[in-house]
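# coords please:
(one chain, ligands or ions: 1)
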Amino acid sequence: MAENRKILLHVCCAPCGSACVERLLAEGREVILYFSNSNIDCKAEFDRRLSHVERLAGIFEVGLEIDPYRHDLWLEAVRGLESEPEKGRRCLKCFTWNLERAARRAAADGIAGFTTALTVSPQKNSRLIFETGRCRPGFEARDFKKRDGFRRSVELSAEFGFYRQNYCGCEFSLRQDSGRKQSPAADSSDFSNSPGSIPVKPMPRR
Ligand code: SF4
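Prediction:
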């Protein structure tokens, strides 16, 4: 039974992940974060978001697994969809990419359930996420934006100083609003949208 408490939580960034981790822990789940984000346009941005997810794991004393950055493979997966608008077919393919990898990671680790923090963002269509997630065994369709999940993610990000990016992640989302990346200090994590375990130094629980 204890194994059923375990859940692998795909996280796109620390702000989105924060409210989801807090909620799952409050429900008595044992959470392992999974940072899979080959959709991000460059390694520097991938590393920046990861460094804050490492802090998140430390603060809440949960495990973290990292999917190696392979933007070249992600670009292949979305070929032909570059001009799609955000929330369109490219994004569905992107959700599928990350959820497929999360499903494989969970299965390889013997974790029965997995879900994603993507649903906390008002910029993400939870129905589309569920559509692709439900094709994979173990997927838990959790709409984290419900019950003020996004507002809570903003509060936790402010409390812990998490980096809140101002664009979703891929170069095509940047192109659609080229002004966003230039002003990271004024960003908004509405846009917060890969195997191996790494040790995380625990920080005092809140
Ligand atoms: S806009 Fe965001 S969700 Fe859509 S393809 Fe780009 S990174 Fe993925």
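# Where does the nearest residue to Leu118 once chain neighbours are set aside sit, in terms of helix or strand?
Leaving aside its sequence neighbours, Leu118 sits nearest to Lys124 (C-beta to C-beta, 6 or more residues apart in numbering; 5.0 Å). Every C-beta, even on glycine, is put in place using the N, C-alpha and C of the backbone. Lys124 belongs to no helix or strand when assigned by DSSP states H and E.
# Pretty sure Lys124 sits against Phe130.
No. Lys124 is not in contact with Phe130 according to C-beta atoms under 8 Å; the separation is 11.0 Å.
# So which of the two has more stuff around it?
The residue with more neighbours, out of Lys124 and Phe130, is Lys124; 27 against 19, by other C-beta atoms under 10 Å.
# got the phi/psi numbers for the more buried one?
The phi/psi pair for Lys124 (degrees, to the nearest 10) reads phi -110, psi 130.
# Kindly report the same for Glu155.
Its backbone dihedrals place Glu155 at phi -60, psi -50, with angles given as degrees, to the nearest 10.
# Same question for Gln123.
Residue torsions, per degrees, to the nearest 10, at Gln123 are phi -80, psi -10.
# Any idea how many residues pack against it?
Residues near Gln123, counting by other C-beta under 10 Å: 19.
# Distance check, it against Arg5.
According to C-beta to C-beta, to the nearest Å, Gln123 stands 30 Å off from Arg5.
# so which strand or helix has the closest residue to Glu86 other than its chain neighbours?
Spatially, and ignoring its direct neighbours in sequence, Glu86 is nearest to Ser173 (5.8 Å; C-beta to C-beta, 6+ apart). Ser173 is part of helix 171-176, with elements assigned from DSSP H and E.
# buried set for the helix ranked longest in the chain?
In the chain, ranked by residue count with DSSP state H as the criterion, the top helix is helix 89-109. The neighbour-count check on helix 89-109 (16 or more other C-beta atoms under 10 Å) flags 90-103, 105-106, 109 as buried.
# Give me the subset of the residues you listed that also touch the ligand.
Filtering these for proximity to the ligand by C-beta under 6 Å from any ligand atom leaves 90-91, 94.
# Output these in CSV; the columns should cover pLDDT and distance to Leu50.
Below are these laid out as CSV (pLDDT from 0 to 100; distance: C-beta to C-beta, whole Å):
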residue, pLDDT, distance to Leu50
Arg90, 96, 23
Cys91, 95, 21
Cys94, 97, 18
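# before we move on, back to that, what's the pLDDT at the residue nearest to Glu86?
Predicted confidence (pLDDT) for Ser173: 90.
# again with the one 3 residues further on
Among the per-residue scores, Gln176 shows a pLDDT of 64.
# Dump stretch 116-125 to CSV, keeping only the CA atoms.
In CSV, the C-alpha atoms belonging to stretch 116-125 read as follows (Å, rounded to 0.1, in the frame of the first residue of the first chain):
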residue,chain,number,x,y,z
THR,A,116,2.2,17.0,-14.1
ALA,A,117,2.4,20.5,-12.6
LEU,A,118,1.6,21.9,-16.1
THR,A,119,-2.1,22.1,-15.1
VAL,A,120,-1.4,24.8,-12.5
SER,A,121,-0.9,27.5,-15.1
PRO,A,122,-3.8,29.5,-16.4
GLN,A,123,-1.9,29.5,-19.8
LYS,A,124,-2.2,25.7,-20.1
ASN,A,125,-5.3,23.9,-21.3
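# Cool, thanks, talk later.
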